[in-house]
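Asker: what follows is a predicted structure for the sequence shown.
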Amino acid sequence: MEPMKKKHMTEEEIALKKSEIARRRKHQSIQRAEQDKMDTINRLLKKQTTKRRPKDQEDTDSVHNDSNSSSVLPPSSFHYVNNAEGATLSIPTGVEVPIRFEKGPKYPPPVPNCAFPGCNVPKRYRSVKTFEYACSMDHLHKLESKG
Ligand SMILES: [Zn+2]
């Protein structure tokens with residue numbers, strides 16, 4: 001047995017080994033390039049996936065926002081909002097208030113007109129006899145005297 005001799009490689013063996021290493025390296029670099037490509041694709045896919053399933057993200061975000069807003073606005077306080085969509089009042093839970101908000105401006109109840117035929121002037125008087133409306137004392141007397 002000559003171990004030293006066995007370790008010694010011939011020129012041919014060395015060349016073979018070198019070419020083998022080179023081949024393997026090339027193969028590895030190709031594999032690495034392929035892996036890079038796959039990584040890029042996966043990254044792009046993952047981006048799309050996170051875009052396509054924002055629910056989890058949104059849920060956590062909304063919860064986060066809720067906790068944020070609640071820290072700014074304690075639930076034990078009234079919160080009044082008046083915007084283009086109308087007025088809303090957030091009432092703390094446990095508080096029962098018969099508050100009713102009517103949308104739009106409030107108009108005064110329509111004033112009935114004078115009951116005298118042909119007279120469309122809003123009433124100012126009401127007869128205690130006929131309970132009819134009249135715009136003036138003149139029409140009131142005429143209304144009362146007609147019947
Ligand atoms: Zn009148």
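Answerer: Happy to help now that I have it.
Asker: residues of this protein that sit close to the ion?
Answerer: Residues of the chain lying near the ion by Cβ under 5 Å from the ion: Cys114, Phe116, Cys119, Val121, Cys135, His139. Heads up, the C-betas are built off the backbone N, CA and C, glycines and all.
Asker: buried subset of the residues you listed?
Answerer: Using 16 or more other Cβ atoms under 10 Å as the burial test, these include Cys114, Phe116, Cys119, Cys135, His139 as buried.
Asker: what's the most distant pair in these?
Answerer: Phe116 and Cys135 (7.3 Å; Cβ to Cβ).
Asker: quick one: which helix or strand includes Val81?
Answerer: strand 79-83 (DSSP states H and E).
Asker: ok, the next helix or strand along the chain from that strand: who's next to it in the sheet?
Answerer: Sequence order places strand 86-90 as the next helix or strand after strand 79-83, per DSSP H and E. When pairing is defined by DSSP bridges, strand 86-90 lines up against strand 79-83 (antiparallel).
Asker: dump the buried ones among the residues of the chain next to the ion to CSV, plus secondary structure and pLDDT.
Answerer: CSV is the format used below for those (DSSP: H, G, I helix; E, B strand; the rest coil; pLDDT from 0 to 100):
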residue, secondary structure, pLDDT
Cys114, coil, 96
Phe116, coil, 94
Cys119, coil, 94
Cys135, coil, 96
His139, helix, 95
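Asker: can you redo those as JSON lines with distance to Ala15?
Answerer: What follows is these, written out as JSON lines (distance: Cβ to Cβ, whole Å):
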{"residue": "Cys114", "distance to Ala15": "123"}
{"residue": "Phe116", "distance to Ala15": "127"}
{"residue": "Cys119", "distance to Ala15": "124"}
{"residue": "Cys135", "distance to Ala15": "123"}
{"residue": "His139", "distance to Ala15": "128"}
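Asker: and Gln28, how far from the ion?
Answerer: As judged by Cβ to the ion, to the nearest Å, Gln28 and the ion stand 106 Å apart.
Asker: now swap in Met38 and tell me
Answerer: For Met38, the distance to the ion - Cβ to the ion - is 92 Å.
Asker: A helix includes that residue, no?
Answerer: Yes - inclusion of Met38 in a helix is indicated when DSSP: H, G, I helix; E, B strand; the rest coil is applied.
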